[in-house]
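> Okay, predicted coordinates and the sequence, questions at the end:
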Amino acid sequence: METTTKTIANNEPLASTNGMKPKFELLGKKATRFGFGEGLVTLGERYENVVVLGGDITGSVMTSYFQEKFPDRFFSAGIMEATATLVATGLALSGKVPFFASYGAFAACRNTDMLRISVCYNDANVKIGGGHAGISVGPDGATHQVLEEIAITRTLPNMTLVVPCDFTEAKKATVAIGEFVGPAYIRFGRTDTPMFTKEDTPFELGRAQVFREGNDVAICACGPMVWEALVAAEELAKEGIDARVINVSTIKPLDNATLIAAAKECGAIVSAEEHQITAGLGGAIAELLVKEYPVPMEFVGVHDTFGGSGEPDELMALFGLTSVTIIEAAKKVVKRKS
Amino acid sequence: METTTKTIANNEPLASTNGMKPKFELLGKKATRFGFGEGLVTLGERYENVVVLGGDITGSVMTSYFQEKFPDRFFSAGIMEATATLVATGLALSGKVPFFASYGAFAACRNTDMLRISVCYNDANVKIGGGHAGISVGPDGATHQVLEEIAITRTLPNMTLVVPCDFTEAKKATVAIGEFVGPAYIRFGRTDTPMFTKEDTPFELGRAQVFREGNDVAICACGPMVWEALVAAEELAKEGIDARVINVSTIKPLDNATLIAAAKECGAIVSAEEHQITAGLGGAIAELLVKEYPVPMEFVGVHDTFGGSGEPDELMALFGLTSVTIIEAAKKVVKRKS
Amino acid sequence: MAELKFHIYPIESGFHGPKRPTPSPDLIAKYNYANFKPFKNSKQNSDEYIATAAKEIRRDIIRSLVEAKSGHSGGPLGISDVMATLYFGGVMRYDPKQPWMESRDRFVLSAGHMAPVLYATLANAGFMEKKELLTLRKLNSRLQGHPGRDMGLPGIETSTGSLGQGMGIAVGMALADKYVSKNDHRVYCITGDGELQEGEIWEAAMFASHWKLDNLCVLVDRNHCQIDGRNPDVMEVDPVADKWKAFGFHTIHINGHSIPEIRAAYAEANSVKEKPTCIVAETYMGHPISFMNDDYRWHGKPPNKEQAEKALAELE
Amino acid sequence: MAELKFHIYPIESGFHGPKRPTPSPDLIAKYNYANFKPFKNSKQNSDEYIATAAKEIRRDIIRSLVEAKSGHSGGPLGISDVMATLYFGGVMRYDPKQPWMESRDRFVLSAGHMAPVLYATLANAGFMEKKELLTLRKLNSRLQGHPGRDMGLPGIETSTGSLGQGMGIAVGMALADKYVSKNDHRVYCITGDGELQEGEIWEAAMFASHWKLDNLCVLVDRNHCQIDGRNPDVMEVDPVADKWKAFGFHTIHINGHSIPEIRAAYAEANSVKEKPTCIVAETYMGHPISFMNDDYRWHGKPPNKEQAEKALAELE
Ligand SMILES: Cc1ncc(C[n+]2csc(CCOP(=O)(O)OP(=O)(O)O)c2C)c(N)n1
Ligand SMILES: Cc1ncc(C[n+]2csc(CCOP(=O)(O)OP(=O)(O)O)c2C)c(N)n1
Ligand SMILES: [Mg+2]
Ligand SMILES: [Mg+2]
């Protein structure tokens, strides 16, 4: 049996930036879940052994796209996230490339033991889509707003974790984890969020991308917070603070080289994620910094509380998941530079 | 209805050390699980509404002690860790103080969604005992060696997380979380490990304790790694490195004051835990450091891999969970001080 | 020996801004919510009285959902007759003036997405002012999209919303009551039929029968629907009653829209000893709204303005 | 359309030091492991041949456990007749020379703690040298305390050890085979009876019957024991067969120590269409060792030297 050619980029040293200076503009709004749905269809078209398990919310996490096009390779798994994960493992151990998607609240927490033992310890080629991530789900409230699964999934050995920043990247990331061999988790959202990357915007599994140059502070963000970071950077520029914006779409394995370069060249870091500030993207970066190059850092995220009902925008504002908070954090951390 | 008097110590500023200079000596060896078992009996004797749920390994996680003394308040829950956690929630919401214990692999991972939603979001007064933690379980192998649950439990809002360093502290910690109101998780081990604290060694929920003075580097450890840290410190002293040893028995909430003081006064930190170096105790400290006082840090723990069968001592050596590794890390981090 | 006393109810640790949302006076007037008198709970109440309450619960579900602009219509409407019977047929013991009194029976809505029917029932029983229903799913409302104990709403015993968890909590409450407190409270739990696909239901069922929890009564909302379609198209759950029987439950199969049958089933459950009871209640999702009835596509949608008016007209 | 090809077997990503442990020559000589000839797998094999294999499996379980000084005796001994029939009665299709050949049947030991019987069976079938059994549970052995796929031992389809998970994996394999690969491999899975307390078993059962996985055959080791005691004292699982029936399985109840009954049950399972099969095999934990038989205290203990000698003598 052959091995696929695609593997994750090693963490080789890189130039501090990739030379690209994409100018981002708002291209519209579309939820990342649609990118996931479309990416699955692309995979389905390319590979006959890609299969999808439904978790009784196929129309919400957009596995319905795949179901419509490839009904023979779609399997409804009812409401049993733990077992869907195990069935996916069995499929993977039989040479299939199974995706299972549900709300991240249930696709990462209801099946944690299964992810740990059956998927990761087996190193089984299982792909999990964790939808409706973060508080931007809105009125469904705290039970459905998962803010802990970056911590959970990145702690598991053998796991790859991707959090795409917009619709277009979500599509690329979905195809990428499908073509990559090994356990992978992709996090996406329900609400329409800014679309700003294009087909030719660089994306590579395992690589953080510098989306904006700057040497005063590096804002390292994932998911919809990347757009907020870009907005914040423009505001900061007006006040003379030149912020680098890094899209950390792969959280595990972390692109150490790009992040260490940012620490060295900017001397201050802000993390921004729609997740607890505990043990998430910010935590991953903090671990790297103190090990390699300790600089001051501020964390934008949810501060160790549960969410609640409300409109997505209201909630994002209330929990401080906006460019406003990023700006404050950036100013604060710049002041802390010694 | 009244509220209990006991709550977690606030993170008020503290003197950098608590003035105590306990001289630790090896008092013997005994697994922390026995401390848990004895602590439960103490609670049972003190409070009629403390109840225990068994998870079909009562003789291993020592809930059998409680069962023998208080058979009417012990309830066998078979092998269903998720539901045992939910039943505990129902008991807590009815005014009982339920403990459920099993292997940490199953008491933190099989029931993660239940811990998140039913226990923590409910803020239910449920106590979870996660036994057989780390690779020191030995020959049972990777499935039973949990190295991820510090990350999982500390990320949950409302959760208190305690990792006692030895038998005696395990007993105190068990009583303490029983008398404290709110969700709590206590981690303990299966293998006999050094006993070195005494009845009068300071222990307080929410407080890290300085077990050895020193200003060249602070070794922050939990569980059986605290003893290894003390051993390492003696060795380091011979080479002129004066290491502070901090027993971080409460990992959530973290005793920020004691740890920041250590960063300021020692300028370098080593974390040591029988856990993945991802998102665990080291991660918690790293997050604090970059936010408050960035200094170089080294991580002693398991490096993002699964364990395996073997004798506990063999495994601890193979995975670098010994004083030897701590010494190396301490030397390395001291060199990194600027 | 002492009891370790601690504060259980009400809690208000939930996320919230400075104040609760308040519905506009116009809206309160529109639904005549200012002059509302709660229904009474009594075994003496006639079936008609309960049916009236059920109708009012359904109206309130429609009203709260159309104002929320999101939320679940189908399940809540389908289970309204059961809820009305539980709360107004003298089945459950409770006192809206002392919502946390020790001697109450407990209610757990394991199918947390059916929250609108729970809120509507609680309002009609006098646990809150009825106008609060109009704050459903709004920022900082006590009426969270799924029941949130953190908001401190009287009558909400536990947060639910992650399917399959409420049932285990109900079992724990029944265990506490029967073996530790040694009271005679009963615990009522409602699950969906799609929810039966979660293994925790069967774990909890096994636990309940092992511990002979005759103070526990589970009711399955057997509407044959879930989000993606009808159960057999998504994941077959039949034979439902056989499953519960094999898991040690006394099992009763009823028409979940017949108030006399619901009453009789709960009475029967009350008389069973040494076994928990499961009532399998055949219902229609969205019942009885003409354009919703038995249609799974109404699982998670609110009515729009027009649809709400039509539904309210049908509920005159 | 292409197939996304990837490397599945064997993997060796597991933790390991520079080399595998090797048993001492003395030990190998003691058990006469150097001159061992594997048993053959054939439908033509007599019941006696299979019984001989079962006895040798049991001897190997004892030998490996006494050398390991930790591990599970009870379950493995109890299920040896079933394992011998599966592997030597022509029930399962496999080739120890091509352990990963595409057309093999799959075996999943969901009750991962029964690993010693799996290793002993594989060794007796020729998947590995028999002396490797003496490395059970040692540092870097391919014979992990619970099956670890990361060690790359031929015949280990999946890691197990967290109860209730293997069954779902087996279901996934059966699904892959029936609907995607469209082959006719069969998937065999063994679970404990205590393991039935995990809800994932019932989720997987529901899934398997929904998808009509007639290529799946689950066998429950019905030894009425688990760690803390006999099942009814820890958590009642009866009526076991009724549960599987209610979850849509064709159910067969047999004496798990009768080789003819085991053979007949597997043959029957083979002929069932559109339904998965569950064989409830009544066994005794620790069977037939006089001082272990039907005693739950032998669930997780190895024999000491004396006990091992006694047991081996009984197995002459
Ligand atoms: C653990 C979990 N998985 C998935 C969901 C998403 N979800 C909410 S309701 C629902 C369908 C439930 O079906 P049923 O219990 O029959 O309720 P009904 O549709 O009849 O109201 C699903 C899948 C959830 N809330 N919890
Ligand atoms: C999820 C999980 N919980 C707990 C355990 C610990 N454990 C190992 S075997 C066992 C008892 C299993 O009983 P049964 O399935 O009847 O096997 P038998 O004792 O008969 O061999 C338990 C509780 C485990 N391995 N996995
Ligand atoms: Mg339904
Ligand atoms: Mg058994």
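Nice, thanks for sending it over. Since we're looking at a predicted model, the values are computed, not measured. Ligands and ions are numbered 1, 2, ... in the order given.
> and chain A, which residues reach chain C?
Within reach of chain C by C-beta under 8 Å from any C-beta of the partner chain, chain A has these residues: A:54, A:56-60, A:76-80, A:82-83, A:105-106, A:110, A:138-144, A:305-311, A:314-315, A:318. Where C-beta positions appear, they are placed from N, C-alpha and C, glycine not excepted.
> Which residue is the nearest non-sequential neighbour of residue A:192?
Closest residue to residue A:192 apart from its sequence neighbours, by C-beta to C-beta, 6 or more residues apart in numbering or on different chains: residue A:29 at 4.1 Å.
> Now the one you found: phi and psi?
phi -130, psi 140 (degrees, to the nearest 10).
> what's the burial count for it?
Applying other C-beta atoms under 10 Å in any protein chain shown, we find 14 residues neighbouring residue A:29.
> wait, it sits on residue A:166?
No - between residue A:29 and residue A:166 there is no contact under C-beta atoms under 8 Å: 9.2 Å.
> Give me the common contacts of those two.
The contact sets of residue A:29 and residue A:166 overlap at A:193, A:194, A:195 (C-beta atoms under 8 Å, 6 or more residues apart in numbering or on different chains).
> My reading is that the second one lies in a strand. Confirm?
What it means is residue A:194. Yes - counting by DSSP: H, G, I helix; E, B strand; the rest coil, residue A:194 is part of a strand.
> Closest one of the shared contacts of residue A:29 and residue A:166 to ligand 2?
residue A:193 (38.2 Å; C-beta to the nearest ligand atom).
> Number of residues surrounding the closest one?
25.
> show me what contacts it?
A:29, A:30, A:31, A:32, A:136, A:166, A:167, A:224, A:227.
> Secondary structure class of whichever residue of the stretch 1-150 of chain A sits closest to chain C, three-state.
With C-beta to the nearest C-beta as the measure, residue A:78 is the residue of the stretch 1-150 of chain A nearest to chain C, at 2.6 Å. For residue A:78, the assignment made with three-state DSSP gives coil.
> which ones among the residues of chain A next to chain C are found in helices?
Among the residues of chain A next to chain C, the subset assigned to helices under DSSP state H consists of A:58, A:59, A:60, A:82, A:83, A:105, A:106, A:314, A:315, A:318.
> quick one: which of the shared contacts of residue A:29 and residue A:166 is nearest to residue C:47?
residue A:193 (51.2 Å; C-beta to C-beta).
> for residue 53, what are its contacts?
No chain was given, so I picked chain A. Applying C-beta under 8 Å, 6+ apart, we find residue A:53 in contact with A:63, A:74-77, A:84, A:87-88, A:91, A:98-101.
> wrong one, I was asking about chain C
Residue C:53 makes contacts with C:39, C:84, C:87, C:88, C:124, as judged by C-beta under 8 Å, 6+ apart.
> What are the boundaries of the strands in the stretch 51-200 of chain C?
C:106-109, C:187-192 (DSSP state E, counting those that start in this stretch).
> May I see these organised as a markdown table, with mean pLDDT, distance to chain A and mean neighbour count added?
Below are those laid out as a markdown table (pLDDT from 0 to 100; distance: least, C-beta to the nearest C-beta, whole Å; neighbours: other C-beta atoms under 10 Å in any protein chain shown):
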| stretch | mean pLDDT | distance to chain A | mean neighbour count |
| --- | --- | --- | --- |
| strand C:106-109 | 98 | 12 | 28 |
| strand C:187-192 | 98 | 9 | 28 |
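> From residue B:254, how far out is the residue nearest to residue A:280 when sequence neighbours are not counted?
Using C-beta to C-beta, 6+ apart and skipping the chain neighbours, the partner closest in space to residue A:280 is residue A:150 (4.2 Å). With the distance defined as C-beta to C-beta, to the nearest Å, residue A:150 ends up 19 Å from residue B:254.
> Name the residue in those two with the higher neighbour count.
Comparing residue A:150 with residue B:254 by other C-beta under 10 Å, the one with more neighbours is residue A:150, at 36 against 22.
> for the more buried one, helix, strand, or coil?
helix.
> got it, and residue A:98?
Using three-state DSSP, the structure places residue A:98 in strand.
> Okay, it and ligand 4: tell me how far apart.
Distance, residue A:98 to ligand 4, by C-beta to the ion, to the nearest Å: 31 Å.
> so who does the closest residue to residue A:72 other than its chain neighbours touch?
Leaving out its chain neighbours, the residue that sits closest to residue A:72 by C-beta to C-beta, 6+ apart is residue D:179, at 7.4 Å. By C-beta under 8 Å, 6+ apart, the contact list for residue D:179 reads A:72, A:75, D:211.
> Show me what the closest residue to the second one other than its chain neighbours is bridged to.
Ranked by C-beta to C-beta, 6+ apart and with sequence neighbours excluded, the top spatial neighbour of residue A:75 is residue A:53, at 5.3 Å. Residue A:53 forms beta bridges with residue A:75, residue A:100, as assigned by DSSP bridges.
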